[in-house]
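Asks: Below are the sequence and a predicted model; questions follow.
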Amino acid sequence: MLVDEQGNFLTQRAYPSMALFRLKAYEDTFMIFHGSDQLVLPPSIPVTGDRRPAKIWNDKVTVVEAPAHYHDWFSERLGMNCRLVGFPEEQPRLIDPAYRPSSENVSLADGYPLLVIGQASLDDLNQRLEQPVPMNRFRPNIVFTGGKPYEEEEWRNFRVGNNRFLGVKPCSRCVLTTVDQDTGVAGREPLLTLSRYRKKNDKIYFGQNVIPLDYHEVHEGNEIALD
């Protein structure tokens, strides 16, 4: 996670140019790309680094700082002073108690571990837009084909392969969905169109927040079974 000098988390909501960072996973490392520049990133930040407080929404957590050259690389390309930090997995950051079944954690994600969206939901939205948008505007972890538009928002207990998942609440969307992930430029869509037919209680919904109950591998092509 990137944080500012006060320890507040950074996102494309306030800094849409963050979309220009590209991540690629290899067997034992990650690569971050920004234009023609690249940075090798280890799978985890050494826990021997300096610890500091950070804030994600209203949650206060303790994070570990990466070595200084990581801060410099991201700061130069983002045009502001920032720091790269990691989350020590031994500490908790619990999911909202109104939705977690037990004592599940969320680490550094927004509010829930996973997001699932059906391709049919995006297809229905794109039929309403003058310019269709790709799925990456919504950053889901799991995308599935088949079914009806928006049916995932009704899912509770389901399986993907050998893994059980729990759907806990539809995902409310923000201005981040308006950021073009290829250019880092924000616009008005698709949030404007979604507000006309997906708004409820002053929030706009698209996708379902999900908690994993098992931790086996998930593979492309796994079938989904609703319990």
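Replies: Yep, that arrived.

Asks: the helices in the protein, which residues?
Replies: Here the chain has its helices, by DSSP state H, at 68-78, 119-126, 191-197.

Asks: and residue 214, which of those helices is closest to it?
Replies: Nearest of these to residue 214, taken as CB to CB: helix 119-126 at 24.0 Å. The way it works is simple: take the backbone N, C-alpha and C, and place the C-beta from them, glycine included.

Asks: Report the buried residues of the closest one.
Replies: For helix 119-126, a neighbour-count test (16 or more other CB atoms under 10 Å) marks 120-122, 125 as buried.

Asks: and if you look at stretch 152-164?
Replies: For stretch 152-164, burial by neighbour count (16+ other CB under 10 Å) applies to 152-153, 155, 158-160.

Asks: In a markdown table: those residues, plus pLDDT and distance to residue 178.
Replies: As requested, the buried residues of stretch 152-164 are arranged in a markdown table below (pLDDT from 0 to 100; distance: CB to CB, whole Å):
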| residue | pLDDT | distance to residue 178 |
| --- | --- | --- |
| 152 | 98 | 22 |
| 153 | 98 | 21 |
| 155 | 98 | 26 |
| 158 | 98 | 30 |
| 159 | 97 | 34 |
| 160 | 97 | 29 |
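
Asks: Residue 45: which of those is nearest?
Replies: Looking across the buried residues of stretch 152-164 and measuring by CB to CB, the closest to residue 45 is residue 160, at 29.2 Å.

Asks: isn't that closest one right up against residue 220?
Replies: No. Residue 160 lies out of contact with residue 220 (CB atoms under 8 Å); the separation is 10.7 Å.

Asks: Specify the residue ranges that define each domain of this structure.
Replies: As assigned by automatic domain parsing, the chain contains the domains 2-86, 114-226.

Asks: Quick check: mean pLDDT of the shortest one?
Replies: Averaged over domain 2-86, pLDDT sits at 93.

Asks: And the buried residues of helix 119-126, which is closest to residue 210?
Replies: Ranked by distance to residue 210 (CB to CB), those are led by residue 121 at 14.4 Å.

Asks: which residues touch the closest one?
Replies: By CB atoms under 8 Å, 6 or more residues apart in numbering, residue 121 lies in contact with 149-150, 152, 206-207.

Asks: ok, 6 Å please
Replies: Residues counted as contacts of residue 121 (CB atoms under 6 Å, 6 or more residues apart in numbering) are 149-150.
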